[in-house]
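>>> Structure for the following, please:
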Amino acid sequence: MARRLQIDELASEAGASVELIERLTEIGVLRPQPDGWYGAGDLIRLEALNAFLDAGVSVDQLAAALTEGVFTFEYLDRFHPEPPPATGHTFQEFTNTLAVSSALVKSIYQAMGLPEPTPDRPTRQDEEDLIGRFLNAWKIGSDEETYLRAARLIGEPARQVSEGWTRLYVEKVSDPMVGRELTGEERVAAIVESTEELTRLAPPLLLWLFHRHLRNAIDRANIDGLERELVAHGLSLPTPERPPAISFVDISGYTTLTEVHGDELAARTADRLRDLAERSARAHGGTVVKLLGDGVMLHFATVTEGLAGVLELVDNLGAGELAAHAGMHAGPLIEHDGDYFGRTVNLASRVAGVAEPGEVVVTEAVALAAANHLYSFEPLPPVTLKGIADHTVLFRAGLKSS
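A predicted model of the protein is given here:
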């Protein structure tokens with residue numbers, strides 16, 4: 001059932017005065033029902049208007065802008081879910097009920113990319129429930145660093161998706177409409193309809209994707225753990241006579257690239273990586289397993305096919321002024337739900353992290369499987385890779401000189 005608020009309840013939840021609500025009602029921004037009750041949409045509009053008022057815009061200026069059709073707050077409730085009921089608590093009162101300090105809770109909000117709450121800010125039911133569950137779920141980590149890392153891991157992707165989708169919408173939809181021959185009413189209608197669809201799509205789509213990626217991560221952790229236990233007990237997966245190869249190809253300096261040039265260049269870079277990776281994989285009997293933001297994971301049936309495809313891909317990326325580096329390992333694989341797991345995959349990923357821009361670094365297993373072929377292998381100093389107990393012998397791979 002849609003929420004109904006009396007004027008004093010609306011004022012309390014929005015942190016506004018009754019007088020302000022009455023004035024905004026007069027100019028038509030807020031629209032109570034015939035019986036005088038306000039709805040959740042009025043709460044959403046009032047909270048948005050408060051930002052303008054806090055910035056120094058007067059109610060009279062807002063009224064003039066609305067009358068002239070400069071902008072409208074009429075449709076905001078179509079873009080946002082109905083706010084859950086307020087708890088009646090302030091943020092300080094809420095944190096006083098928790099087993100951790102209010103300072104830590106504030107740090108968690110900041111790590112999630114949210115503003116630090118003021119002590120007197122009212123809390124909502126979903127906020128108290130989710131923050132309480134977050135603290136309880138991660139108390140097993142037992143220290144502040146764990147809480148903050150978990151908060152950053154969940155907050156940063158949510159912020160990037162929200163800001164990135166909005167920037168893309170402004171660039172591709174709302175800004176181009178300014179130059180079109182549309183009336184103000186037609187422009188508002190088109191923007192409202194598309195904005196509503198996108199804002200309602202994003203949360204369930206993000207949740208679905210999160211569940212898919214979380215399941216994959218849990219499967220990976222379970223499979224990796226089981227394989228480690230088997231090896232510890234003298235058991236291991238049989239190595240095929242012609243082992244398949246896994247490679248990770250990453251864009252060098254991708255983080256700096258996105259920080260300096262923004263999302264648009266990052267998106268073009270990812271598109272080029274995908275296109276070239278799919279082309280090289282198809283040409284050499286391989287498949288693109290998945291894209292990883294700044295990289296790609298590839299599977300090849302044989303080492304020789306894999307070397308041909310990866311050397312070609314790194315070279316093509318470099319020709320397009322996108323320096324890339326790659327790592328490759330060959331061995332038994334565990335396939336599940338279209339993905340690959342196990343020690344072979346983990347080692348290939350670690351090896352990619354050793355490679356310098358323009359390099360394809362491979363393990364001894366790759367070099368042995370491709371002996372007497374078209375490839376050269378320059379020995380590198382043995383390294384200790386994270387999660388790998390012994391020193392790993394690596395080689396810089398290339399094509400033999402004709």
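>>> just the helices in this protein please.
All helices of the chain, identified by DSSP state H, fall at 7-14, 18-26, 40-54, 59-67, 91-96, 102-111, 125-137, 144-169, 175-178, 184-232, 254-283, 303-319, 343-354, 364-369.
>>> low-scoring stretches of the stretch 51-200 of the chain, by residue?
68-80, 142, 178-185, 187-188 (pLDDT under 70).
>>> what's around residue 346, how many residues?
A count of neighbours around residue 346, defined by other CB atoms under 10 Å, yields 20. For every residue, glycine as well, the C-beta is placed using N, CA and C.
>>> Okay, it and residue 293: tell me how far apart.
For residue 346, the distance to residue 293 (CB to CB, to the nearest Å) stands at 18 Å.
>>> Quick check: which of the helices of the chain is nearest to residue 329?
In terms of CB to CB, the element of those nearest to residue 329 is helix 343-354, at 4.0 Å.
>>> could the helices of the chain go into CSV alongside distance to residue 330?
Conversion of those to CSV gives the following (distance: least, CB to CB, whole Å):
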stretch, distance to residue 330
helix 7-14, 61
helix 18-26, 68
helix 40-54, 56
helix 59-67, 66
helix 91-96, 53
helix 102-111, 40
helix 125-137, 39
helix 144-169, 32
helix 175-178, 49
helix 184-232, 16
helix 254-283, 16
helix 303-319, 5
helix 343-354, 7
helix 364-369, 5
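>>> Which one, of the ones you listed, ends up nearest to residue 247?
Using CB to CB as the measure, helix 303-319 is the one of those that comes nearest residue 247, at 4.8 Å.
>>> what does the closest one rub up against?
With contact meaning CB atoms under 8 Å, 6 or more residues apart in numbering, helix 303-319 is reached by 242-245, 247, 249, 251, 272-273, 276-277, 279-281, 283-286, 298, 300, 323-326, 328, 330, 358-360, 362, 366, 369-370, 373-375, 397-399.
>>> circling back to that earlier point, so which of the helices of the chain comes closest to residue 33?
Ranking the helices of the chain by proximity to residue 33 (CB to CB) places helix 40-54 first, at 9.7 Å.
>>> follow-up on the earlier one: are any of the contacts of helix 303-319 buried, and if so which?
243-245, 247, 249, 251, 273, 276-277, 280-281, 284, 286, 298, 300, 323-326, 328, 330, 359-360, 362, 366, 369-370, 375, 397 (16 or more other CB atoms under 10 Å).
>>> So which of the helices of the chain is nearest residue 334?
Residue 334 lies closest to helix 184-232 among these, at 5.6 Å (CB to CB).
>>> The closest one - contacts with which helices or strands?
If you count contacts as 3 or more CB pairs under 8 Å, 6 or more residues apart in numbering; DSSP states H and E, helix 184-232 packs onto helix 144-169, helix 175-178, strand 334-336, strand 339-341, helix 343-354.
>>> Can you give me the buried ones in the longest one?
Spelled out, it's helix 144-169. 147, 148, 150, 151, 155, 158, 169.
>>> how far out from the middle of the chain is it?
On the basis of CA atoms, centre = their mean, to the nearest Å, helix 144-169 sits 6 Å off its chain's mean C-alpha point.
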